[in-house]
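> Need the 3D shape of this:
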Amino acid sequence: MEWYKAVLQKYTVFSGRARRKEYWMFVLVNFFIIIALEIVMFILGSMDDNLMLIGSGLLSLYGLYIFLPTLAVAVRRLHDVGKSGWWYFIALVPFIGGIWLLILFASDSQPGENQYGPNPKGM
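Next up is the predicted model:
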């Protein structure tokens, strides 16, 4: 949970580098929060349609709240492997783009310092 909080504290910090662990722990906690919100939405929806709207509104608000930190940690993760944040748009290439981005996110850090800052593993 501390990795999740660390990303939220850097809400819109697009500079610097993010370790694999920071990125993937954030993604994992985010996944569980979204699943929990969807379960709440469907439980409320089974009671009343108006309550389902409240649940879907909560899910939408969370999505808006988490959009910038997700983008920022993804850009910092790309910086960690020595790529520009603009590489994030490779995901728009059908089929191969998303797979290539996943490979970049799963790659090990570039050793030592790069143009985006010191290696966070060494800190």
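> And the closest residue to residue 3 other than its chain neighbours, how far from residue 5?
Nearest residue to residue 3, sequence neighbours excluded (Cβ to Cβ, 6 or more residues apart in numbering): residue 25, at 3.7 Å. No exception for glycine: its C-beta is placed from N, CA and C like everyone else's. Remark: distance between residue 25 and residue 5 (Cβ to Cβ, to the nearest Å) = 10 Å.
> What of residue 103?
According to Cβ to Cβ, residue 103 and residue 5 sit 28 Å apart.
> Low-confidence bits of this protein, can you list those?
123 (pLDDT under 70).
> Which single helix of it contains the most residues?
helix 49-80 (DSSP state H).
> And that one, what's buried?
52, 55-56, 59, 66, 69-70, 72-80 (16 or more other Cβ atoms under 10 Å).
> what packs against that helix?
Counting contacts by 3 or more Cβ pairs under 8 Å, 6 or more residues apart in numbering; DSSP states H and E, helix 49-80 packs against helix 2-9, helix 20-47, helix 96-106.
> So for the chain, the centremost residue is which one?
By Cα atoms, centre = their mean, the chain has its centre lying nearest to residue 70, at 3.4 Å.
> can you put the helices and strands packed on helix 49-80 in CSV and add distance to residue 118 and mean neighbour count?
As requested, the helices and strands packed on helix 49-80 are arranged in CSV below (distance: least, Cβ to Cβ, whole Å; neighbours: other Cβ atoms under 10 Å):
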stretch, distance to residue 118, mean neighbour count
helix 2-9, 17, 14
helix 20-47, 15, 15
helix 96-106, 20, 14
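> got the ones you listed as a markdown table, with distance to residue 112 columns?
Converted to a markdown table, the helices and strands packed on helix 49-80 look like this (distance: least, Cβ to Cβ, whole Å):
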| stretch | distance to residue 112 |
| --- | --- |
| helix 2-9 | 22 |
| helix 20-47 | 16 |
| helix 96-106 | 19 |
